[in-house]
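**Q** output the structure for:
(one chain, ligands or ions: 2)
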Amino acid sequence: MRRSAAPSQLQGNPFKKPKFISPARSHPSPNEEVAKLNSDIKLFEVAANKNNFLQPQNDPRTCNFNLPTKECTKGINHGDSYREKYCLEASTKTTLNLHHTVHSAPKEITVSKGQEEKPDNLVKYFSVVWCKASKKKHKKWEGDAVLIVKGKSFTLKDLEGKDIGRGTVYKLKELEKIEEGQTMMIGGKEIEVMGIISPDDFNSGRCFQFGGGCSAVLSSSQAAKKCLSNPFKSVCKLSSKENKQNSFQNCKPRHDPYAPNSLVMLRPDKNHQWLFNKNCFPVVDVVIDPHLVYYLRPHQKEGIIFLYECVMGMRVNGRCGAILADEMGLGKTLQCISLIWTLQCQGPYGGKPVVKKTLIVTPGSLVNNWRKEFQKWLGIERIKIFTVDQDHKIEEFTKSPFYSVLIISYEMLLRSLDQIKSVKFDLLICDEGHRLKNSTIKTTTALISLSCEKRIILTGTPVQNDLQEFFTLIDFVNPGILGSLSAYRKIYEEPIIISRQPSASEEERELGEQRAAELTCLTGLFILRRTQEVINQYLPPKIENVVFCRPGALQIALYRKLLNSQAVRFCLQGLLENTSHLICIGALKKLCNHPCLLFSSIKEKESNSTWDESEERNLYEGLINVFPADYNPTMFTEEESGKLQVLSKLLAVIRELRPAEKVVLVSNYTRTLDILQEVCKRHGYAYTRLDGQTPISQRQKIVDGFNSKYSSDFIFLLSSKAGGVGLNLIGGSHLILYDIDWNPATDIQAMSRVWRDGQKHPVHIYRLLTTGTIEEKIYQRQISKQGLSGAVVDLSKTSDHIQFSVEELKNLFTLHESSHCVTHDLLDCECTGEHHTGDSLEKLPMSRNCQLGPHQQKSDSLKPLSMSQLKQWKHFPGDHLNLTDPFLERIRENVSFFFQNITNQTTAI
Ligand SMILES: Nc1ncnc2c1ncn2[C@@H]1O[C@H](COP(=O)(O)OP(=O)(O)OP(=O)(O)O)[C@@H](O)[C@H]1O
Ligand SMILES: [Mg+2]
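**A** Numbers count the residues shown, from 1 in each chain. Ligands and ions are numbered 1, 2, ... in the order given. Here you go, the predicted structure:
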C-alpha cells in the first residue's frame with residue numbers, strides 16, 4: 001500500500017521522538033548513508049559552481065519548481081502569494097524552501113483528559129499512525145495516535161488525549177506481539193506502529209501533544225497562555241543534568257503545531273541535520289508564539305518564515321544572512337521581534353534555543369522605538385532587553401547574564417566596539433542597514449569585524465539600485481557569496497552596466513540582462529522585499545496632493561534678480577567653479593521657502609571677512625536693495641512667501657474642520673523649521689519639534705508624546721533628514737512637506753511616517769511647491785527618468801552628487817512666470833488644465849528604476865512617480881469651480897494648480 005506522509009512524518013510526532021536517530025545513523029548501513037550525503041554535497045558544489053545555491057529538499061512539504069532564468073528576477077520581490085503561486089507551478093527539479101505550515105486543527109477532535117486506562121503491569125503503549133480501514137489502493141494516514149493495550153482490549157487516543165477507538169480482539173496473540181513497523185486492523189482502523197512509549201511517558205502525559213509534567217491537557221489557547229506567562233520554563237529550562245537525561249523524551253514543540261492558525265517553521269532536511277545536528281537531538285517543530293501570530297499580517301508571517309529559513313541556513317547552503325527590504329511601514333520590527341523571540345526559546349534540534357544573545361544596531365532616534373516595539377508585542381517580562389544611552393552604559397549589559405537583547409545606535413557601537421566584541425552574539429540585526437553600503441566606512445568595518453554569523457539587514461529602500469553598494473550589503477550578510485569584489489565587478493557589474501548604456505549592442509544587452517537575472521536569482525533567496533500594497537487594506541485612505549503655490553511679489557522680484565546675477569550667468573556659460581551652481585540652487589531654494597532666509601544669509605555673508613573674495617558675492621550683489629529698506633527678517637510676514645501663505649491657511653482649515661487631528665510639518669532645513677515654528681507661535685498652535693539637534697535620548701519621548709491621544713500638540717515639526725527615518729508618527733494624519741529634496745527617497749521616507757499601521761484617520765499629504773520655480777524643476781527631476789538614474793533611493797545623496805549639464809542648468813535657472821504649472825505643461829496632457837480626472841493610479845503599473853534590469857521595473861509601489869503616472873492623477877487649476885475637497889477649497893486663492901490622488905478610497909474622507 002502506498003501512502004502519503006502521516007502528520008507525524010510531516011510535522012513531528014512527539015512520541016516518536018525518543019526513537020529519533022540522526023540521518024547519518026538512521027540508515028541500516030551507515031556507509032551507504034554517508035555515500036548518499038556526499039553525493040548530495042557534490043550536487044551542491046555543482047549547483048554552487050553554476051551559481052545556484054539551492055538546496056535539495058527531501059521534506060514532503062517542499063514545493064518544487066524550476067526557476068526559469070528570466071523569471072528569477074521576479075523572485076526578489078516576493079509577493080504575498082509567491083509560495084502559493086510557485087507551488088502550483090510545481091515541477092520536480094530545483095527546490096526553494098518556500099514552504100511553511102499554517103495548520104488548522106481537525107475540528108471534530110476536542111480535548112479530553114483523564115480517560116486513560118489505569119496502567120498496570122500488563123499495559124503496553126505504542127505510538128501509531130492510523131487511517132480508516134478501506135480497500136483503496138492509495139491510502140492516507142489520517143493522524144498520529146497512542147495505542148494502549150491491556151490484555152485483549154485496546155484504546156486508541158489521538159494526540160489531544162481523546163479516544164478515537166476502543167475494543168477487544170478475539171485473539172490475545174494479536175496484541176501480545178505488536179512491534180515497530182507492524183501494520184494491523186484494529187477497531188475498524190488501520191494502524192502502523194511507529195514506536196513504543198514508555199509507561200513513564202504515558203503516565204506523565206508527555207506522549208500527548210500538550211502533556212506537561214503534571215499531565216494537564218490544555219486547549220491550544222490555554223497552552224499558549226501558559227507558555228507566555230512562563231516564557232523561560234519549558235524548553236529553555238532543560239539544562240540541568242537531571243533534565244538533560246530526560247530531554248530527549250521531553251522534546252516537544254513549545255506551541256501546538258496543530259492548533260488552528262499555528263505558524264510552523266520548516267523542518268530541517270537531512271542535509272541540514274547532517275550539518276547542524278551533530279548531537280543527534282530529536283527534531284522538534286519550531287512554532288511561532290500564537291500570541292504573536294494573532295497580530296501578524298500575512299506578509300509578516302511570510303517574512304518571519306523567510307528570516308527563519310535564512311538565519312537557520314536553510315535557504316542557502318551554509319549561509320545565515322538575510323536582507324529584509326520591505327517598504328516602509330510594513331512592520332520589519334515586529335517580524336524581527338517575532339524571530340528573536342522564537343529563536344531565543346526554540347530550535348529544531350531537541351527544542352534547544354538557537355539564539356542566546358541578539359545585537360540590534362539602529363539609528364540613534366530608533367533605539368527607543370525598538371524597545372517600545374518589544375514591549376508592545378511581548379510585554380516587559382518575556383524578554384530582557386538593554387538599550388544603550390547616556391544613562392545606561394554598555395558595561396551593564398556585558399556584565400549581566402540577565403539581558404538577551406542589546407539595542408545600540410550605530411554611533412555608540414563604534415565607541416564601544418571592544419566591549420561588544422567581548423560578548424558572543426548569535427544574531428545581528430542592522431536596522432536601516434542601507435547605511436552599510438560602503439565597506440570602507442567605519443561603521444561597516446566595525447560590524448564586519450563582529451564574529452556573528454546570523455546577520456540581518458533591514459532597510460526600507462531597495463538595495464539593488466547601485467551595484468557596488470549592493471555587493472557590500474550582500475557580502476555583509478553572506479560573506480563571500482558573490483566571490484571577491486573584483487570578480488563580482490567583472491562577472492556582474494560591468495556587463496550589467498554596459499548593457500544599460502544606450503549604445504549597448506544587442507549582444508551586450510542580452511549578456512547584461514542574463515547576468516542581472518542570475519545575480520537576482522542568487523541573491524533573491526535571501527532578499528525579501530514587499531511593497532506597500534500588502535498593507536494597504538489595513539490602512540485608511542490616503543489623499544495625496546501636490547500643491548503649486550503662487551510665489552509672492554517679493555519672491556518674484558528677488559528670483560528675477562538672482563537669475564540675472566553674474567554668478568548664474570557664469571554658471572550657464574560654464575565659466576565658474578564646480579560648486580558654484582550649488583550655491584545658486586541653494587539661494588533659489590531658500591527664497592522659495594521664504595525671502596527672509598535669503599536676507600539673513602546675505603547679511604551673514606556680508607559680515608564675514610572673506611566676503612570680498614567669496615563666490616556668493618557674484619550672486620548676492622545688489623540683492624539686498626530689492627528688500628524693503630527697513631526689512632527685518634525676524635518680523636517676516638506670511639504674504640512674502642506663497643508657500644507660507646498656503647501653509648498658514650491649511651493649518652487653519654485643518655484646525656477648524658478636524659480639531660482632533662494633528663499635523664506633521666516637514667522641512668529639510670533647520671532654519672526653515674525655525675520659521676514654521678514661529679508661525680505656530682503666532683497662531684497659538686501647540687507644537688513639538690524633532691531635528692538634528694534633538695538629543696537621541698529625547699527623541700522617542702517626543703514621538704510618544706505627539707502620538708498620545710492625550711497630547712495637546714497640534715503640530716510636529718520634523719527635519720526629515722535629521723531624524724525622520726523609521727519614525728512612527730501615526731498621531732498625525734496630515735503631513736505637509738514644506739520643501740522638496742532632490743532625492744525622492746527623502747520625501748517618501750517623510751511621507752511614510754503617518755500612513756502606516758495603526759493610523760486611524762484618513763491621511764492627507766500636501767507637498768508644497770512654488771509655481772514656475774526651481775522647486776517644480778526638482779519635482780520634475782524626481783519624477784522623470786533622469787531623476788531616477790542614480791540618486792533616487794539613497795538618502796545620503798543630495799544635489800552635490802548630481803551632475804548637471806549646461807542645458808539642465810539653463811532649465812533650472814529659468815522662472816516660468818506665466819504658467820499655472822510647468823509640470824502639467826510638460827505632461828503632454830490633452831486637458832487644458834481645466835479639470836482632469838485620471839484613472840485611479842492604483843490600476844497603473846508603477847516603476848522604479850533599478851540597475852538590475854527591466855524586469856524589476858514594474859513591481860514596486862512606494863516609489864517616485866513617473867510623469868505618465870502623474871498624468872493619471874486628478875488635476876485642476878486653483879480657480880477651478882468645483883473643488884470637492886474642503887481643504888483645497890480653503891487654500892485655492894494662493895494656489896495655481898493641484899494634483900490629487902487617493903489611495904484606498906472610501907466615501908468618507
Ligand atoms: N501586525 C501589525 N498590527 C498592528 N500594527 C502593526 C503590525 N505590524 C507593525 N505594526 C505597527 O506599524 C508601525 C510600523 O512598523 P515598523 O516601524 O516596524 O515599520 P518598518 O517596516 O520598520 O518601517 P520603516 O522602514 O519606516 O522603518 C509600528 O507602529 C508597528 O507597531
Ligand atoms: Mg523600521
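
**Q** from now on I want contacts and neighbour counts done on CA atoms only, so please keep to that.
**A** Will do.

**Q** measure H581 to ligand 1 for me?
**A** For H581, the distance to ligand 1 equals 33 Å [CA to the nearest ligand atom, to the nearest Å].

**Q** in which helix or strand does L307 reside?
**A** Element membership for L307, per DSSP states H and E: helix 298-311.

**Q** helices or strands up against that helix?
**A** strand 321-324, helix 332-345, strand 454-458 (3 or more CA pairs under 8 Å, 6 or more residues apart in numbering; DSSP states H and E).

**Q** list the strands paired with the first one, with their directions.
**A** Read that as strand 321-324. strand 454-458 (parallel), strand 527-528 (parallel) (DSSP bridges).

**Q** give me the contacts around it.
**A** Contacts to strand 321-324, defined as CA atoms under 8 Å, 6 or more residues apart in numbering, come from residues 303, 307, 310-311, 313, 332, 453-459, 477-478, 526-529.

**Q** leaving out the residues flanking it, which one is nearest to whichever residue of the stretch 751-900 of the chain sits closest to ligand 1?
**A** Nearest to ligand 1, among the residues of the stretch 751-900 of the chain, is D757, at 4.0 Å (CA to the nearest ligand atom). Using CA to CA, 6 or more residues apart in numbering and skipping the chain neighbours, the partner closest in space to D757 is L539 (6.4 Å).

**Q** same check on D739?
**A** Computed as CA to CA, 6+ apart, the closest residue to D739 that is not its neighbour in sequence is S667, at 5.7 Å.

**Q** same question for V895.
**A** C549 (4.5 Å).

**Q** neighbours around the one you found, how many?
**A** By other CA atoms under 10 Å, the residues close to C549 number 30.

**Q** do I have it right that it meets Y766?
**A** No: here C549 does not reach Y766: they are 11.4 Å apart, not a contact under CA atoms under 8 Å.

**Q** what's the separation between the closest residue to I602 other than its chain neighbours and K649?
**A** Of all residues not flanking I602 in the chain, Y620 sits nearest, at 6.7 Å (CA to CA, 6+ apart). Distance from Y620 to K649, counting by CA to CA, to the nearest Å: 32 Å.

**Q** between those two, point out the one with more neighbours.
**A** For the pair Y620 and K649, the greater number of neighbours falls to Y620 (23 against 19), based on other CA under 10 Å.

**Q** need the contact list for the more buried one.
**A** By CA under 8 Å, 6+ apart, the contact set of Y620 is 562, 565, 602.

**Q** are any of these buried, and which?
**A** The neighbour-count test (16 or more other CA atoms under 10 Å) applied to the contacts of Y620 identifies 562, 565, 602 as buried.

**Q** can you list those residues in JSON lines and add pLDDT?
**A** Below are the buried ones among the contacts of Y620 laid out as JSON lines (pLDDT from 0 to 100):
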{"residue": "L562", "pLDDT": "95"}
{"residue": "S565", "pLDDT": "91"}
{"residue": "I602", "pLDDT": "91"}
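
**Q** and those, which of them are in helices?
**A** Residues of these located in helices (DSSP state H): 562, 602.

**Q** which of the buried ones among the contacts of Y620 lies closest to H392?
**A** Taking CA to CA as the measure, I602 is the one of the buried ones among the contacts of Y620 closest to H392, at 44.4 Å.

**Q** tell me the spacing between that closest one and A686.
**A** 32 Å.

**Q** also S134?
**A** 76 Å.

**Q** between those two, which has more neighbouring residues?
**A** A686 (14 against 11).

**Q** isn't the more buried one right up against E678?
**A** No: counting by CA under 8 Å, A686 does not reach E678; the two are 11.2 Å apart.

**Q** the stretch 801-909 of the chain: helices as residue ranges?
**A** Secondary structure of the stretch 801-909 of the chain by DSSP state H, counting those that start in this stretch: the helices cover 806-812, 822-826, 867-871, 886-891.

**Q** so can I have JSON lines of those helices showing distance to ligand 1 and mean neighbour count?
**A** Conversion of the helices of the stretch 801-909 of the chain to JSON lines gives the following (distance: least, CA to the nearest ligand atom, whole Å; neighbours: other CA atoms under 10 Å):
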{"stretch": "helix 806-812", "distance to ligand 1": "32", "mean neighbour count": "14"}
{"stretch": "helix 822-826", "distance to ligand 1": "29", "mean neighbour count": "17"}
{"stretch": "helix 867-871", "distance to ligand 1": "24", "mean neighbour count": "19"}
{"stretch": "helix 886-891", "distance to ligand 1": "27", "mean neighbour count": "17"}
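
**Q** of all those, which one is nearest L572?
**A** helix 806-812 (5.8 Å).

**Q** what's in contact with the closest one?
**A** By CA under 8 Å, 6+ apart, helix 806-812 touches 571-574, 581, 774, 777.

**Q** which of the helices and strands packed on helix 298-311 is buried the deepest?
**A** strand 321-324 (a mean of 29; mean count of other CA atoms under 10 Å).

**Q** mean confidence score for that one?
**A** Averaged across strand 321-324, the pLDDT comes to 96.

**Q** now stretch 424-431
**A** Average pLDDT, stretch 424-431: 97.

**Q** hmm, it touching ligand 1?
**A** No: contact of stretch 424-431 with ligand 1 (CA under 6 Å from any ligand atom) is absent, the minimum separation being 7.8 Å.

**Q** how far does that stretch sit from its chain's centre?
**A** 16 Å (CA atoms, centre = their mean, to the nearest Å).

**Q** what about it, how long is it end to end?
**A** End-to-end span of stretch 424-431 (CA to CA): 20 Å.

**Q** mind listing residues that contact that stretch?
**A** 354-363, 451-459.

**Q** and the strands in the stretch 501-650 of the chain, which stretches?
**A** With DSSP state E, counting those that start in this stretch, the ranges of strands along the stretch 501-650 of the chain come out as 527-528, 542-549.

**Q** need the ones you listed in a markdown table (columns: mean pLDDT and distance to ligand 1).
**A** Listed next are the strands of the stretch 501-650 of the chain as a markdown table, based on pLDDT from 0 to 100; distance: least, CA to the nearest ligand atom, whole Å:
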| stretch | mean pLDDT | distance to ligand 1 |
| --- | --- | --- |
| strand 527-528 | 94 | 12 |
| strand 542-549 | 96 | 16 |
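
**Q** got JSON lines for those strands, with distance to F876 too?
**A** Rendered in JSON lines, the data for these read as follows (distance: least, CA to CA, whole Å):
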{"stretch": "strand 527-528", "distance to F876": "39"}
{"stretch": "strand 542-549", "distance to F876": "10"}
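
**Q** show me the domain layout of the protein.
**A** 1-107+227-355+426-482+526-538, 123-217, 540-546+637-774+881-903 (automatic domain parsing).

**Q** what about the stretch 701-850 of the chain, any weak spots by pLDDT?
**A** For the stretch 701-850 of the chain, applying pLDDT under 70 flags the ranges 722-724, 785-803, 832-850.

**Q** contact residues of it facing ligand 1?
**A** So far as CA under 6 Å from any ligand atom goes, the stretch 701-850 of the chain lies against ligand 1 at 726, 728, 756-758.

**Q** and with 8 Å instead?
**A** Within the stretch 701-850 of the chain, the positions adjacent to ligand 1 are 725-728, 730, 749, 752-753, 756-758 by CA under 8 Å from any ligand atom.

**Q** appreciated, that's everything.
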